[in-house]
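Enquirer: the following comprises the amino acid sequence and a computationally predicted model.
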Amino acid sequence: MAAPVPSVKVPEKEEKVRRAVKQVLKCDVTQSRPLGSVSLPLADCVLSTLCLDAACPDFPAYCAALKSLGSLLKPEGFLVVVDALKSSFYVVGEQRFSSLVLGREEVEAAMKEAGYSIELFEVLSQGYSSAICNNEGLFFVVGRKLGGRV
């Protein structure tokens, strides 16, 4: 039997999040400096969720984006990527967007080429209606930035 889920009041949760968020920044992974002229301390971890396959038109651009995100990390920092596996499109409202089709092998190769060791790679069998997205699941990968690379 699963443990009961504690009830959380939405307004209280919203207020907690508002207090915690210090700044919202534009991030363009297609640029070598993804935060533009904004200067921040290097991070222990960067999380990318359901966006790299849409931002990158091809495999070299995907590798470059991973490398770009590495510029935000401390040496030995972690990059966590969550995305759709082998998806060529997704739909938001009435708008259809193209997506870079990536399988596990391509993601692993890109992470290694961009200077990360792969600490964890999981595939979840999460699918969507074929009218919304044609993925074969979701993946999450944890990469560790290697030494001074990336």
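Expert: That came through fine. Numbers count the residues shown, from 1 in each chain.
Enquirer: list of residues touching the longest strand anywhere in the chain?
Expert: If you go by DSSP state E, the chain has its longest strand at strand 73-84. Under the criterion CB atoms under 8 Å, 6 or more residues apart in numbering, residues 42-53, 66, 69-70, 90, 99, 102, 107, 111, 116, 119, 133, 135, 137-148, 150 lie in contact with strand 73-84. (Glycine included, C-beta is placed from N, CA and C.)
Enquirer: was I right to think Phe89 contacts Arg96?
Expert: Yes. Because the distance of 5.7 Å satisfies CB atoms under 8 Å, Phe89 is recorded as touching Arg96.
Enquirer: next helix or strand past the strand or helix carrying Ala110?
Expert: For Ala110, the enclosing helix or strand under DSSP states H and E is helix 104-113. Next along the chain after helix 104-113, taking DSSP H and E as the criterion, comes strand 116-124.
Enquirer: parallel or antiparallel, list what pairs with that following strand.
Expert: Sheet partners assigned to strand 116-124 using DSSP bridges are listed as strand 138-145 (antiparallel).
Enquirer: quick one: buried residues of the strand it pairs with?
Expert: Leu138, Phe139, Val141, Val142, Gly143, Arg144, Lys145 (16 or more other CB atoms under 10 Å).
Enquirer: can you pull the pLDDT of the residue most central in space within the chain?
Expert: Among the residues of the chain, the one closest to the centroid is Ser48, at 2.0 Å (CA atoms, centre = their mean). Each residue has a pLDDT score; the one for Ser48 is 94.
Enquirer: phi, psi of Asp44?
Expert: phi -80, psi -30 (degrees, to the nearest 10).
Enquirer: would you mind measuring from the closest residue to it other than its chain neighbours to Leu42?
Expert: Closest residue to Asp44 apart from its sequence neighbours, by CB to CB, 6 or more residues apart in numbering: Gly77 at 5.4 Å. The gap separating Gly77 from Leu42 is 7 Å, by CB to CB, to the nearest Å.
Enquirer: paired strands for the longest strand of the chain, with orientation please.
Expert: Sheet pairing for strand 73-84, assigned by DSSP bridges, gives strand 43-49 (parallel), strand 138-145 (antiparallel).
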